[in-house]
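Engineer: Output the structure for:
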Amino acid sequence: MNDMLAPRATADATDDTIGGRISLARDAIKLSIEEISAIAGVTEETWISWENDRAEPRANRLDMMAGILQVNIAWLLDGRGTGPVEAR
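Structural biologist: A predicted model of the protein is given here:
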């Protein structure tokens, strides 16, 4: 049962899409789309598009997003590096 001890956010992160990792990280910090889009200064529709892989954030937004989501930018882009740690 050691699988239950592993953080959910790091499982299969390299196989996920950038949108999936954005969603996973948002869930880990327990913010709604309404809350996170307001913090990021984008519309809810834009954030939803990013999470659903209908659009990708511009390069100038990635560093800001990584900070808000509390993840390493490399993890956000390709699943490598420090990903989210679920709040306990």
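Engineer: Enumerate every residue touching the residue most central in space within the chain.
Structural biologist: Nearest to the geometric centre of the chain sits residue 22, at 2.3 Å (C-alpha atoms, centre = their mean). Listed by C-beta atoms under 8 Å, 6 or more residues apart in numbering, the contact set of residue 22 reads 50, 51, 57, 65, 69, 76. Any C-beta I mention is one placed from the backbone N, CA and C, and that applies to glycine too.
Engineer: Repeat that for residue 71.
Structural biologist: Residue 71 neighbours (C-beta under 8 Å, 6+ apart): 21, 25, 81, 82, 83, 84.
Engineer: Which helix or which strand is home to it?
Structural biologist: Using DSSP states H and E, residue 71 sits within no helix or strand.
Engineer: Please report phi then psi for the residue nearest to the centre of the chain.
Structural biologist: Reported as degrees, to the nearest 10, the phi and psi values for residue 22 are phi -60, psi -50.
Engineer: burial of residue 55, as a residue count?
Structural biologist: 14 (other C-beta atoms under 10 Å).
Engineer: from what I can see it touches residue 45, true?
Structural biologist: No - the criterion here is C-beta atoms under 8 Å, and residue 55 misses it with residue 45 at 9.7 Å.
Engineer: thinking again about what came up before, buried subset of the contacts of residue 22?
Structural biologist: The neighbour count (16 or more other C-beta atoms under 10 Å) marks 50, 51, 57, 65, 69, 76 as buried among those.
Engineer: which residues in this protein form helices?
Structural biologist: Using DSSP state H, the helices found in the chain span residues 18-28, 33-40, 44-51, 59-69, 73-78.
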